[in-house]
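In: coords please:
(2 chains)
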There are 2 protein chains.
Amino acid sequence: MLKSAELGRALSKEDYEAALGDLRTSLLKAQAELERAGFPVIILIHGADGAGKTETLNALSEWLDARFLRVQAYEPPGEEARQRPEFWRYWMWLPSAGRIGLFLGSWYTAPILERVYGTLKDRAFEQALTRIKDFERTLADDGALFIKLWFHVSEKTQKRRFKAAQRSKNTRFLVQKEQWRNHEHYAEFITITERVLRDTSTGQAPWTVIEAADDRYRNLTAGLTVLERIQHHLAHRRPSEAPSALPEIADPVTLFDRLDLTRTLSKAEYEPRMAALQGKLGVLARKLKKRGRDAIFLFEGWDASGKGGAIRRLVWALDARQYRIISVAAPTDEERAHHYLWRFFRHLPGKGRVTIYDRSWYGRVLVERVEGLATEEETRRAYKEINDFEQELTRGGTVLVKFFLHISREEQLRRFQEREREPWKQHKITAEDYRNRAKSNLYELVASEMIERNSTDYAPFTLVEAEDKHYARVKVLETICRSLEEAL
Amino acid sequence: MLKSAELGRALSKEDYEAALGDLRTSLLKAQAELERAGFPVIILIHGADGAGKTETLNALSEWLDARFLRVQAYEPPGEEARQRPEFWRYWMWLPSAGRIGLFLGSWYTAPILERVYGTLKDRAFEQALTRIKDFERTLADDGALFIKLWFHVSEKTQKRRFKAAQRSKNTRFLVQKEQWRNHEHYAEFITITERVLRDTSTGQAPWTVIEAADDRYRNLTAGLTVLERIQHHLAHRRPSEAPSALPEIADPVTLFDRLDLTRTLSKAEYEPRMAALQGKLGVLARKLKKRGRDAIFLFEGWDASGKGGAIRRLVWALDARQYRIISVAAPTDEERAHHYLWRFFRHLPGKGRVTIYDRSWYGRVLVERVEGLATEEETRRAYKEINDFEQELTRGGTVLVKFFLHISREEQLRRFQEREREPWKQHKITAEDYRNRAKSNLYELVASEMIERNSTDYAPFTLVEAEDKHYARVKVLETICRSLEEAL
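Out: Numbers count the residues shown, from 1 in each chain, chains lettered A, B, ... in the order given. As a prediction, this is how the structure comes out:
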């Protein structure tokens, strides 16, 4: 496969310069259209040592409008990244809508190197490629354009290039022991690379192999490929479907029907149990910190189902320095210019920390679906994307505990009315809360489907009978303590 | 001074609960008004160990609307923070307009501890307090409200509290060796604290000392102080002045008149010098990385003065993994909701890195002043704020090199017209460029004042005669090489 990029293709200086003017104009035009069309472009620059990746990066940087460009070069993960799931830093690199991200090295770098040098076994390598494909599909489904360039040089060319670089004082540093070591493993690199290219050349995110022995041919071909792919995507991407709100339905059968809302705890039972659980949680939270693990406690549930109260009882057991409560509100313009999961990656806790979500990424498959803020297809895709996201979290060592608090409609109405009577709770009740009530059947059906689809073995939902606040708060704390005990 | 907070003030449970309802309603109301008024509130919670800081933090968190609240607890700086200037992380903590930031520990924590234990000498301590006052003034001038609470307990109460905490399994962890050690230094803490409170109680950011021996009294007083200060600021802050654009003026005498724009370099002189300088810069950049230092090269100058071209020649000498070019464009909504310097703090390079600014924070005192996007007073304040900011950068080890590229108006017009003839440069010329030209005299005067006021010994501006591109590019590279050589 890579052999076909050893045909000796080259360009004369005249041909190169003749083609360059048009290319640059067209690239800038395409970039301006892209800014209006509002999808992100992710360009990966990969290839053998000595293939001229940096030179092409510089050429593309020069040709494109730097104001809408983000350049990111791969480096081993720093402290911040090591404290978070593997893909966290790649999410943080992503360009926003209308922008181009130009990546020298990427999520492919570590798996390939580690496979060649054997620190990654074959099965783990396979899994790494699967995660990469899931990651790219998630972004491509959301409209991102991937342009993945692989620069190839023959073993002979690589050697010749290294020697040439070593002869000049100014380029000597480019060829270190590491490069010569990679050169010795040239054949293995080819084998692994061919497998990667085959396996990860998907319809949405194909690889383009470019013969890289001649600088001018390589640069121009890279530029033309970028141009052609952007133009094609501008012309042929699917028009975005207009989302619409779902209509209310008749009484459905859902998971919530099975809950026993008569469960209660008297004050006399509640107080000692709560105190004991808070003490226990305090100890477990310190253990979490000592072990360098982190936790996310996520609360979904109906308006007035007692999420806030449960969260307060929970954080009273914690050191204020350890936790953060994130109440999910409207996204900022930077957040809206990225995939909907981006803002959740952005706020992931570091090691030793506890993050509490008062509502969460489940908004995508619940309120956004019902109210028609996302299309039916987007929310359907989101089931898998969320499962992937949570797997990525738990794979990184996060203890993830998810709750859905359920109350009857009668109890909800009673609580709304109570809030309206208490001045400092009035702000919690808005016309929207009553509007949501009018779609209760639909909300229950959609929430029920969400709970079924997103209850995985690594991150199950706990349904909480929340009609009685005492019972609910104890169940929440018990579940959290049990999950932490199992994990630590 | 702190003795006056040992009067034994306490509240009965009845009085506390009677007052609480009103307080909570009023706090939520004030918070809603704050959201509309659009200034940030910074609440610092400080005080002796055992004074109940965490309890009050939890109480305030409970009373306020968590959706518009950010809680941040002090911790020793992590890897990211250690790579940046001392105040970087405090900038990153700041709440946006309309929000409340609740800080348990702050920029005061380290200086006080280090002074008590003698690792900070008196002179350095003094300087630390000055930097703190500058930091707080910068934010307060921009409209931020500071509420700085100091919780005081007597030596006896502290001891009693520690012993009580140790008796219960659930609170034992709160009292460690460190706390007992601090207790032994109680008297020194009081001396240092009194000095800090005196010195940093400014008109804009005063301290409130609260007697903390009684939990109810402390919590309620903290709540009432927060409420009263927010209400006062809502009622009495200065109405923001409407900025207005400055009118064009007659030919002024400026720094630019002294520049000799006839300086040129022939192609034969330019090429070898450029190649040598690029080689030299490459070596210096690697040295920068090895030494764990970082650099910022900042470019200001007229439209079409050749900033982009100079930057390109410069980065050709650098490894793409080491540098980032930031082209300053319109701020995002998150950025607009903060002090104008926030977005520059946000993008500060880590150790070993080079950041190149194509336009910069000087927009505040140049285009924003001329075009009336900031008031005259704001831009005047900005001279000092920018000098403080750059001092903070260089104090942290950043090599900061600043350029202003100057060309004559005739040359500018010639370049505009040339760009309009070259298709791939057309996008660089807009109607705005011609509008700016119509205010050339004013721009020159304002830029000249800016260069004079912001040329400090630690961060001088280099004026570049840019009429001849060869000459300008060589001067830029020579200046950068010399600055790096001196610094490394």
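
In: helix, strand or coil for the nearest residue to residue A:313 once chain neighbours are set aside?
Out: Spatial nearest neighbour of residue A:313, excluding adjacent residues (C-beta to C-beta, 6 or more residues apart in numbering or on different chains): residue A:473 at 4.9 Å. Heads up, the C-betas are built off the backbone N, CA and C, glycines and all. Of the three states, residue A:473 takes helix according to DSSP: H, G, I helix; E, B strand; the rest coil.

In: low-scoring stretches of chain A, by residue?
Out: Scanning chain A for pLDDT under 70 picks out A:423-428.

In: at 50 instead, please
Out: Judged against pLDDT under 50, chain A has no low-scoring part.

In: quick check: domain ranges of it?
Out: A:3-236, A:255-487 (automatic domain parsing).

In: what about the longest one, distance to the chain center?
Out: Centroid separation for domain A:3-236 versus its chain: 21 Å, with C-alpha atoms, centre = their mean, to the nearest Å.

In: wait, does that domain make contact with chain B?
Out: Yes - contact of domain A:3-236 with chain B (C-beta under 8 Å from any C-beta of the partner chain) involves A:21, A:24-25, A:27-28, A:32, A:54, A:57-58, A:61-63, A:65-67, A:71, A:73-75, A:78-80, A:104, A:169-170, A:173.

In: what ranges does the stretch 351-488 of chain A have for its strands?
Out: A:354-358, A:398-406, A:461-465 (DSSP state E, counting those that start in this stretch).

In: report the angle between the last one and strand A:398-406.
Out: So that's strand A:461-465. 30 degrees (axes from the mean of the first three to the mean of the last three C-alpha atoms, to 10 degrees).

In: could you do the first one as well?
Out: Our comparison of strand A:354-358 with strand A:398-406, counting by the same axes, to 10 degrees, yields an angle of 30 degrees.

In: restrict strand A:354-358 to CA atoms and write it as PDB.
Out: C-alpha atoms of strand A:354-358 as PDB (Å, rounded to 0.1, in the frame of the first residue of the first chain):
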ATOM      1  CA  VAL A 354     -15.200  14.900  43.300                       C
ATOM      2  CA  THR A 355     -17.400  16.600  40.700                       C
ATOM      3  CA  ILE A 356     -21.100  16.700  41.200                       C
ATOM      4  CA  TYR A 357     -23.300  17.300  38.200                       C
ATOM      5  CA  ASP A 358     -26.700  18.900  38.900                       C
END
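
In: which neighbouring elements make contact with it?
Out: strand A:294-301, helix A:307-315, strand A:323-327 (3 or more C-beta pairs under 8 Å, 6 or more residues apart in numbering or on different chains; DSSP states H and E).

In: could you single out the most deeply buried of those?
Out: strand A:294-301 (a mean of 24; mean count of other C-beta atoms under 10 Å in any protein chain shown).

In: circling back to that earlier point, surely the residue nearest to residue A:313 touches residue A:307?
Out: No - at 10.7 Å, residue A:473 does not count as touching residue A:307 under the criterion of C-beta atoms under 8 Å.

In: anything in contact with each of these two?
Out: Counting by C-beta atoms under 8 Å, 6 or more residues apart in numbering or on different chains, residue A:473 and residue A:307 have no common neighbour.

In: give me the neighbour count for the residue in the stretch 301-450 of chain A that chain B sits nearest to.
Out: Nearest residue of the stretch 301-450 of chain A to chain B (C-beta to the nearest C-beta) works out as residue A:321 at 3.4 Å. Using other C-beta atoms under 10 Å in any protein chain shown, residue A:321 is surrounded by 18 other residues.

In: mind checking the SS state of it?
Out: coil.

In: touching, it and residue B:75? I think so.
Out: Yes - the pair residue A:321 and residue B:75 passes the contact test of C-beta under 8 Å, sitting 6.6 Å apart.

In: count the residues that sit near residue A:409.
Out: 12.

In: OK, contacts around it?
Out: A:437, A:440.

In: separation between it and residue A:441?
Out: 10 Å (C-beta to C-beta, to the nearest Å).

In: next: residue A:450.
Out: If you measure residue A:450 against residue A:441 using C-beta to C-beta, the figure is 15 Å.

In: same check on residue A:481?
Out: The gap separating residue A:481 from residue A:441 is 35 Å, by C-beta to C-beta.

In: neighbour count for these two, which is higher?
Out: residue A:481 (20 against 15).
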